[in-house]
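Undergrad: Predicted model follows, preceded by the sequence.
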Amino acid sequence: CSSDLAAAPGRAYLVGGQLLKELFRDVSESDEVPCRFVVAFPVPRPLAAMTPPFVVLDGLSSAMNLGQLIQSARTLGIVSFIVSKATWSALNGRAARVSSGWMYHADFHLASKVTDALVELKRRGHRLYAAEEFFPQAVSPHSAESAASKNWALVLSKQHG
């Protein structure tokens, strides 16, 4: 089976040969149910190639929660996500389905260390916001100039419970 898969240059896998014939054969005159769908998975992008604002997802492992977050962020116009290895592994078919397909219209950076990605964002002048349950001070109002800027990132960490 693996000999029928060939890597496309840096993007995805192509199904070929016997595997293609087996999965997508014509069964119109049969009661057999063939495979009639394909699931695509995101390809990690370099941080420099992504467009702010960002959502940073660290340690989220529920595909359903991840899909809902992607859909909500995408609805707000956010298309760039920085994810940890644990979160990357939850980018699966369920996350795609729960995101209503918006996962396929987003860019993802797989950070080997999320802290390094955050340092890089700060170095580039992005404002970082962290969602916390308890905080000593509310987020302060910003000037009209900074409020119009898209140079920010919202950091969401592992869900509890």
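TA: Alright, I've got the coordinates.
Undergrad: Can you list the residue ranges for strands in the chain?
TA: 5-7, 13-15, 54-58, 80-83, 107-110, 127-130, 152-157 (DSSP state E).
Undergrad: Adding distance to residue 70 and mean pLDDT, write the ones you listed out as JSON lines.
TA: C-betas here are computed from N, CA, C, even on glycine. Output for these, formatted as JSON lines (distance: least, C-beta to C-beta, whole Å; pLDDT from 0 to 100):
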{"stretch": "strand 5-7", "distance to residue 70": "26", "mean pLDDT": "44"}
{"stretch": "strand 13-15", "distance to residue 70": "23", "mean pLDDT": "60"}
{"stretch": "strand 54-58", "distance to residue 70": "8", "mean pLDDT": "95"}
{"stretch": "strand 80-83", "distance to residue 70": "7", "mean pLDDT": "96"}
{"stretch": "strand 107-110", "distance to residue 70": "10", "mean pLDDT": "95"}
{"stretch": "strand 127-130", "distance to residue 70": "18", "mean pLDDT": "87"}
{"stretch": "strand 152-157", "distance to residue 70": "12", "mean pLDDT": "90"}
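Undergrad: Of all these, which one comes closest to residue 46?
TA: Closest to residue 46 of the strands of the chain, according to C-beta to C-beta: strand 107-110, at 7.0 Å.
Undergrad: Now do stretch 93-109: everything it contacts.
TA: 39-40, 42-47, 49-51, 63-64, 66-68, 70-71, 73-75, 79-83, 88, 91, 117 (C-beta atoms under 8 Å, 6 or more residues apart in numbering).
Undergrad: Equivalent analysis for stretch 67-78, please.
TA: By C-beta under 8 Å, 6+ apart, the residues outside stretch 67-78 that reach it are 53-55, 57, 60, 79, 81, 94-100, 102-103, 105-106, 156.
Undergrad: are any of these buried, and which?
TA: Burial by neighbour count, judged by 16 or more other C-beta atoms under 10 Å, picks out 53-55, 57, 60, 79, 81, 95-96, 98-99, 102-103, 106, 156 from the contacts of stretch 67-78.
Undergrad: out of the residues you listed, which one sits closest to residue 150?
TA: Comparing the buried ones among the contacts of stretch 67-78 against residue 150 with C-beta to C-beta places residue 53 closest, at 4.9 Å.
Undergrad: Tell me if I'm right that the closest one and residue 152 touch.
TA: Yes: look at residue 53 against residue 152 with C-beta atoms under 8 Å: they come within range, at 5.0 Å.
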